[in-house]
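Engineer: just need the structure, nothing else, for what follows:
(chains A and B)
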Amino acid sequence: QKEVEQDPGPLSVPEGAIVSLNCTYSNSAFQYFMWYRQYSRKGPELLMYTYSSGNKEDGRFTAQVDKSSKYISLFIRDSQPSDSATYLCAMSAVGNQGGKLIFGQGTELSVKP
Amino acid sequence: NAGVTQTPKFRVLKTGQSMTLLCAQDMNHEYMYWYRQDPGMGLRLIHYSVGEGTTAKGEVPDGYNVSRLKKQNFLLGLESAAPSQTSVYFCASRQGSVRDSNQPQHFGDGTRLSIL
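Structural biologist: So this is what the prediction gives:
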């Protein structure tokens, strides 16, 4: 079993839809949770970051962490064609040697005009 | 702002050939990482470095070597390329120490490597 599981999709939605992307994990030591966005033929870029449990909102994006369920989510409101990309969740434990991140497999999202 | 620059962007090799991928960052970051990305596998850590002159193994280190002779550069070497090493390789860097686990990693745009 992988430490981090993410539905690879692909996920296709119409413009304006609410998108929900999810990851589950098995390591209870994870405290830092990140979402990266990766456009085609580009490197991942940090989209959202949360520490421990709770919600964080940034414009149309909301990240949620439920540590009791070992489950994290990214919500995209009023999705736009420019949101079409692969979304990767990533996690790390406090004090881990080298600041290593464990990534999910990535979910490919397509927003249709 | 260049950020993290990877060279080359594309390369085709024959089985058994060797090559070196170069990663350069201009953000004075201490930590640097090499990942490979394969369909359905996400990003997997090959090797990483927590400072100039240091390297350590990641999740999938076999068949690769690395060097960090200068703080700004991190080199990934394939001594004898195999078809299983066909992948997209990403370099990343990060500032901070082990206490700064919340610092994000900054990625280059990748090197697409095909081994025939």
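
Engineer: alpha carbons only for contacts and neighbour counts from here, please
Structural biologist: OK.

Engineer: what separates the residue lying closest to residue B:61 once chain neighbours are set aside from residue B:89, distance-wise?
Structural biologist: With CA to CA, 6 or more residues apart in numbering or on different chains as the criterion, residue B:61 has its nearest non-adjacent residue at 4.7 Å, and that residue is residue B:46. According to CA to CA, to the nearest Å, residue B:46 stands 9 Å off from residue B:89.

Engineer: the two: which has the busier surroundings?
Structural biologist: residue B:89 (26 against 23; other CA atoms under 10 Å in any protein chain shown).

Engineer: surely that one touches residue B:35?
Structural biologist: Yes: with contact defined as CA atoms under 8 Å, residue B:89 reaches residue B:35; the gap is 5.7 Å.

Engineer: anything in contact with each of these two?
Structural biologist: Shared contacts of residue B:89 and residue B:35, defined by CA atoms under 8 Å, 6 or more residues apart in numbering or on different chains, are absent.

Engineer: pick out the residue in chain B sitting closest to chain A.
Structural biologist: Going by CA to the nearest CA, chain A is nearest to residue B:42 of chain B, at 3.7 Å.

Engineer: contacts for the host helix or strand of residue B:44 next, please.
Structural biologist: According to DSSP states H and E, residue B:44 maps onto strand B:42-49. Residues outside strand B:42-49 that contact it (CA under 8 Å, 6+ apart): A:88, A:98, A:102-106, B:30-37, B:55-61, B:64-66, B:68.

Engineer: just stretch B:27-40 next, same as before
Structural biologist: Outside stretch B:27-40, the residues touching it (CA under 8 Å, 6+ apart) are A:8, A:98, A:105-106, B:3, B:43-52, B:71-72, B:74, B:76, B:87-97.

Engineer: kindly export it (C-alpha atoms) in PDB.
Structural biologist: The C-alpha coordinates for stretch B:27-40 follow below in PDB (Å, rounded to 0.1, in the frame of the first residue of the first chain):
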ATOM      1  CA  MET B  27      17.800  31.100  -4.900                       C
ATOM      2  CA  ASN B  28      20.700  30.200  -2.600                       C
ATOM      3  CA  HIS B  29      18.700  27.200  -1.400                       C
ATOM      4  CA  GLU B  30      20.400  24.600   0.900                       C
ATOM      5  CA  TYR B  31      18.300  21.600  -0.100                       C
ATOM      6  CA  MET B  32      18.000  20.100  -3.600                       C
ATOM      7  CA  TYR B  33      16.200  17.100  -4.900                       C
ATOM      8  CA  TRP B  34      16.000  14.800  -8.000                       C
ATOM      9  CA  TYR B  35      12.700  13.100  -8.800                       C
ATOM     10  CA  ARG B  36      11.400  11.000 -11.600                       C
ATOM     11  CA  GLN B  37       7.800  11.200 -12.800                       C
ATOM     12  CA  ASP B  38       6.200   8.200 -14.500                       C
ATOM     13  CA  PRO B  39       2.500   7.800 -15.500                       C
ATOM     14  CA  GLY B  40       0.400   6.600 -12.600                       C
END
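
Engineer: show me how far it is from its chain's centre.
Structural biologist: 5 Å (CA atoms, centre = their mean, to the nearest Å).

Engineer: could you list the buried residues of that stretch?
Structural biologist: For stretch B:27-40, burial by neighbour count (16 or more other CA atoms under 10 Å in any protein chain shown) applies to B:29, B:30, B:31, B:32, B:33, B:34, B:35, B:36, B:37.
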